[in-house]
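Asker: Quick check, what structure comes out for this input:
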Amino acid sequence: MEIEGCVALVTGANRGIGLGFVRQLIRRGARRVYVASRTLADAEAVAAEAPSQLVAIELDVTKPHQVARAGLTCADVTLLINNAGAFSMHTLLEAPDLEACRQEMEVNYFGMLAMCRAFAPVLKQNGGGAIANVLSAGAIRAVPDMGGYGPSKFAARAAGNCLRAELAPQGTTLTALIVGSVDTRMAAHIKAPKSSPDDIAASSLAAIEQGIEEHDTDPGAIAARAHLARDPTGLSRMLAERLRAR
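Answerer: Reported below is the predicted structural model:
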C-alpha cells in the first residue's frame, strides 16, 4: 500500500485523530482525501484547508443509506480509514439505560463493519488497497471505566481479524490501530501524557504502508500492551478498586 498517490476516505475526519489523518495524508502526497463527517459543514470547513485535494462528504456511519451512497460516489478510494467513534463515558451499571451502549456498538462496531462491506468491492476494483480500523487500548484490555466503549472496540478488533482473512484473496490489507492516550476531545478527562493526533496518524500511515496487521500507535498503547503481558488481571483489579473508591 503506497500512501503517495492514494485516494483515501477518512470517517470522523472533522477533528481529533481523523483530522490528524487528513493532514498527514496530504503531507504524504495522497492524491485525494474524502473528508467524511456527520455534518457536511464540518467536513467543508476541513476541506477548505486544501480544496484541490480534499473533498467534503456528509457521512454518518450508522445510517445505511449514507454508507451506501459513499460507496457509490467515492468509487476511486484505495484506502479506507474507519476512524469515527463514540464514547459515552458511562460505566455499564451506572448508565441510566442501555442507549449509550447501543450507540457505542452502532458506531464503533456496526458502523465500521458497514463501511468495510460497502468499500470492499470498491477496493477490489481499484487493485486491492487497504483498510485501517482505529481502535483503542480498550480493545486489548477490558477497562471498567470505559463502560460500553471497550466491549465495542473488542468486537471491532475481532471482526477485523475475520475481515482480514476475507479480504486477503482480493489483495486488500487490514490494519488494526491500537491507540492509547491521545490529545483529543474524547480524552479530555484523562490526566496523563498524551500524543498528538498528527503523531498518531503519522505512525498509523507507516504501519498501513507496511501492511502491519495490528499496530500500537503511541507510548500509551505500547505501555498498555506491555502491562497486559506482565499482569493480565492486575489492571482490571486496580480500576475496579478505583471505581469502588468513588
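Asker: ok, and the closest non-adjacent residue to Cys116?
Answerer: Closest residue to Cys116 apart from its sequence neighbours, by CB to CB, 6 or more residues apart in numbering: Leu163 at 5.5 Å. All C-beta spots, glycine's among them, are computed from the backbone N, C-alpha and C.
Asker: Now do the buried residues in stretch 130-144.
Answerer: By neighbour count on 16 or more other CB atoms under 10 Å, the buried set for stretch 130-144 is 130-141, 143-144.
Asker: Export these to a markdown table and append columns for distance to Ala176 and secondary structure.
Answerer: Below are those laid out as a markdown table (distance: CB to CB, whole Å; DSSP: H, G, I helix; E, B strand; the rest coil):
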| residue | distance to Ala176 | secondary structure |
| --- | --- | --- |
| Ala130 | 12 | strand |
| Ile131 | 10 | strand |
| Ala132 | 8 | strand |
| Asn133 | 5 | strand |
| Val134 | 9 | strand |
| Leu135 | 5 | coil |
| Ser136 | 10 | coil |
| Ala137 | 12 | helix |
| Gly138 | 13 | helix |
| Ala139 | 8 | helix |
| Ile140 | 9 | coil |
| Arg141 | 14 | coil |
| Val143 | 17 | coil |
| Pro144 | 22 | helix |
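Asker: hang on, the earlier thing: quick one: contacts for the residue nearest to Cys116?
Answerer: For Leu163, the contact set (CB atoms under 8 Å, 6 or more residues apart in numbering) comprises Leu113, Cys116, Ile131, Leu174.
Asker: if we can go back for a sec, which member of the buried residues of stretch 130-144 is positioned nearest Ala41?
Answerer: Of all the buried residues of stretch 130-144, Ala41 sits closest to Val134, with 23.0 Å by CB to CB.
Asker: Leaving out the residues flanking it, which one is nearest to the closest one?
Answerer: Spatial nearest neighbour of Val134, excluding adjacent residues (CB to CB, 6+ apart): Asn83 at 4.4 Å.
Asker: That neighbour: neighbouring residues, count only.
Answerer: Asn83: 27 surrounding residues under other CB atoms under 10 Å.
Asker: Next: Ala50.
Answerer: Neighbour tally, Ala50, other CB under 10 Å: 15.
Asker: Quick check: it touching Arg27?
Answerer: No - at 10.2 Å, Ala50 does not count as touching Arg27 under the criterion of CB atoms under 8 Å.
Asker: could you give the angle of the strand or helix carrying the residue nearest to Cys116 to strand 130-134?
Answerer: When elements are assigned from DSSP states H and E, Leu163 belongs to helix 149-167. Between helix 149-167 and strand 130-134, the angle comes out at 170 degrees (axes from the mean of the first three to the mean of the last three CA atoms, to 10 degrees).
Asker: what ranges do the strands span in the chain?
Answerer: 7-10, 32-37, 54-58, 79-82, 130-134, 173-178, 214-216 (DSSP state E).
Asker: Mind listing what's buried along stretch 219-229?
Answerer: Gly220, Ala221, Ala224, Arg225.
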